[in-house]
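Trainee: this one's sequence-less:
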RNA sequence: GGCGCUAUCGUCUAGGGGUUAGGACGUCAGAUUCUCAAUCUGAAAACCCGGGUUCGAUUCCCGGUAGCGCUACCA
């Protein structure tokens, strides 16, 4: 298949949501796999709902996910003249006609049909106006829409690359609107004209367009042009199997970025929604994904968006980050949390790096580095109330931590073995379990009940910090004894 | 209502006329242990229902049911 051209065509009436992102990803993968062209087109023909800043946000989300485009972004709002031309061509050929029915009239008829439980379809009031009548109304300057004249018989079937052979009886398709009475094109006119002009070879889009496809094919036929190939993608649903929407929580790609999800993780997760890579490998590097991607491996059934699995996958990507990439990521995170210190770039570099590495295996999101991991990078941290409740229960802890601080100030060298030996010796001497001291110290040093191994933490923080924090905790416990 | 699409563990899915129906997330249990992760081991967990075709259907066909989509001068 040479000269593959695909496109992603979001409309700027909302942010890029995960469903759209998955569609974009599949188009992108298909293009990259075949060495084709990925076009970005903004479908902003709905002037009332389209917004410029939403378009910008969509582009940002795509770039964040690494979905770079080769052509565009083209905007439909900039091609209005072209659509009128195509519509005129269709009218000229008798494939479309002017419709003078008003929105109110149509609505009334539809409502009535509904009340009588009749299936409603445009009744063709203006389909066969006499030439005289038509001229008269046009001369009067009466506002009108342009409708496509759907053939009365026959059927329109096509071979979907995912769903196989499907289609519709022409008699079930109504004479749909091509141009609104305000002169703006509708979706159907826009897509067909654009896909034709942009020489799109494969239309890969959500399955919500499956039922629209026959209409568009009819238009290609009327225009005397070959149809592109179609491939529809199953929809993404919420946990209640309803179409994913705001009430399911975050749906926008940007929201996941804010939640500390890595773009690689979201991309990999999205790829698995409806597509199965060969072999059992679910964590799949981008290059392999491109190589392996096939439309024939796309499933036909809708998929529930599983946040748990995304979270797991994010942790997986976080854990496998190369040190250099990890440091860049953590640096950014600390900066945006405003706890980055210039010293981390120079004399405290080692502490920064070893802290980042210690946190790496248990991080679920990038925010964990600045939140639960805050004490590794800042001396300004709080004692988590839950941690205090769990590990600061004994009154004698104040004295023990004080004492531990004193012993550690003398430990030589200050390494994992020696600090541990020191702590265990103290525990034995005082007749308490080492675990008691370890857990209490963990809260003292990190403010958390959950943190990396205590002695690694000590070495990372360094003797001075450890001693200070133990003293601080002892003082705190002295003033606020456990109840 | 009409038209279209879909149907394998809770979820994402593999598979396919004869299989112990496979994997992943999650769940549970165990190992490890200073907490939590990570890691390792193990367990529970699925072919929507009814007909037909067939020696044999979860797989093929038909019907039902359910879910989703479309049914706009939204995209």
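Mentor: Received, thanks. Model, not experiment: these values are computed from the prediction.

Trainee: okay, now the closest residue to residue A:252 other than its chain neighbours: neighbour count?
Mentor: Among residues not flanking residue A:252 along the chain, residue A:15 sits closest, at 3.9 Å (Cβ to Cβ, 6 or more residues apart in numbering). C-beta coordinates here come from the backbone N, C-alpha and C atoms, glycine included. Other residues near residue A:15 come to 17 when the count uses other Cβ atoms under 10 Å.

Trainee: show me what contacts residue A:15?
Mentor: Contacts for residue A:15 (Cβ atoms under 8 Å, 6 or more residues apart in numbering) come out as A:54, A:57, A:58, A:61, A:252, A:253, A:254.

Trainee: let me see the contact set for the nearest residue to residue A:44 once chain neighbours are set aside.
Mentor: Distances taken as Cβ to Cβ, 6+ apart place residue A:50 nearest to residue A:44, at 3.8 Å, with adjacent residues excluded. The contact partners of residue A:50, by Cβ under 8 Å, 6+ apart, come to A:11, A:12, A:13, A:44, A:77.

Trainee: within reach of RNA strand B, which of those residues are there?
Mentor: Taking Cβ under 7 Å from any atom of the strand as the test, RNA strand B is in contact with A:11, A:13 out of those.

Trainee: what two of the contacts of residue A:50 are the furthest from one another?
Mentor: Greatest spacing in the contacts of residue A:50, by Cβ to Cβ: A:13 and A:77 (12.8 Å).

Trainee: can you tell me how far residue A:414 is from RNA strand B?
Mentor: In this view, residue A:414 and RNA strand B are 15 Å apart by Cβ to the nearest atom of the strand, to the nearest Å.

Trainee: that should have said residue A:225, apologies.
Mentor: When residue A:225 is compared with RNA strand B (using Cβ to the nearest atom of the strand), they lie 20 Å apart.

Trainee: quick one: the strands in the stretch 151-300 of chain A?
Mentor: A:155-160, A:164-169, A:177-179, A:202-206, A:229-233, A:236-237 (DSSP state E, counting those that start in this stretch).

Trainee: buried set for stretch A:139-154?
Mentor: A:144, A:145, A:146, A:147, A:148, A:149, A:150 (16 or more other Cβ atoms under 10 Å).

Trainee: same deal with stretch A:205-213?
Mentor: Under 16+ other Cβ under 10 Å, the buried positions of stretch A:205-213 are A:205, A:207, A:209, A:210, A:212, A:213.

Trainee: kindly report the same for stretch A:128-135.
Mentor: Neighbour-count burial for stretch A:128-135 [16+ other Cβ under 10 Å]: A:129, A:134.

Trainee: pLDDT on that stretch, on average?
Mentor: Here stretch A:128-135 scores 94 as its mean pLDDT.

Trainee: is any residue of it near RNA strand B?
Mentor: No. Against RNA strand B, stretch A:128-135 shows no contacts by Cβ under 7 Å from any atom of the strand, the least distance being 13.9 Å.

Trainee: now do that stretch: distance to the chain's middle.
Mentor: Chain-centre distance of stretch A:128-135: 51 Å, with Cα atoms, centre = their mean, to the nearest Å.

Trainee: contacts for that stretch?
Mentor: Against stretch A:128-135 from outside (Cβ under 8 Å, 6+ apart): A:97, A:98, A:137.

Trainee: what's the local residue count around the closest residue to residue A:151 other than its chain neighbours?
Mentor: Once flanking residues are discounted, residue A:151 sits nearest to residue A:170: 4.9 Å by Cβ to Cβ, 6+ apart. Residue A:170: 16 surrounding residues under other Cβ under 10 Å.

Trainee: please apply the same query to the one 5 residues further on.
Mentor: The criterion is other Cβ under 10 Å. On that basis, residue A:175 has 20 neighbouring residues.

Trainee: that one reaches residue A:146, doesn't it?
Mentor: No. Applying Cβ atoms under 8 Å, one finds residue A:175 not in contact with residue A:146, separated by 10.1 Å.

Trainee: re the thing from before, near RNA strand B, from the buried residues of stretch A:139-154?
Mentor: Applying Cβ under 7 Å from any atom of the strand to those, those adjacent to RNA strand B are A:144, A:145.

Trainee: ok, which stretches of the stretch 301-450 of chain A are strands?
Mentor: Counting by DSSP E, counting those that start in this stretch, the strands of the stretch 301-450 of chain A are A:303-304.

Trainee: residues of it that sit close to RNA strand B?
Mentor: Contact residues (Cβ under 7 Å from any atom of the strand) of the stretch 301-450 of chain A with RNA strand B: A:301-304, A:306, A:308-309, A:312, A:315, A:319, A:361-362, A:434-435, A:438-439, A:442, A:449-450.

Trainee: which residues touch residue A:10?
Mentor: Per Cβ under 8 Å, 6+ apart, neighbours of residue A:10: A:16, A:20, A:24, A:42, A:43, A:58.

Trainee: okay, now the unreliable bits of the stretch 1-150 of chain A?
Mentor: Of all residues in the stretch 1-150 of chain A, those with pLDDT under 70 make up the ranges A:1-2.

Trainee: pick out the residue of it closest to RNA strand B.
Mentor: Per Cβ to the nearest atom of the strand, residue A:43 is where the stretch 1-150 of chain A lies closest to RNA strand B, at 2.9 Å.

Trainee: thought that residue was touching residue A:7?
Mentor: No. The pair residue A:43 / residue A:7 is not scored as a contact, 10.2 Å apart, by Cβ under 8 Å.

Trainee: from residue A:133, how far out is the closest residue to residue A:222 other than its chain neighbours?
Mentor: Spatial nearest neighbour of residue A:222, chain neighbours left out: residue A:95 (3.8 Å); criterion: Cβ to Cβ, 6+ apart. Going from residue A:95 to residue A:133 by Cβ to Cβ, to the nearest Å gives 20 Å.

Trainee: and residue A:43, by the same measure?
Mentor: For residue A:43, the distance to residue A:133 - Cβ to Cβ - is 35 Å.

Trainee: same thing with residue A:219?
Mentor: 26 Å.

Trainee: also residue A:228?
Mentor: In this view, residue A:228 and residue A:133 are 38 Å apart by Cβ to Cβ.
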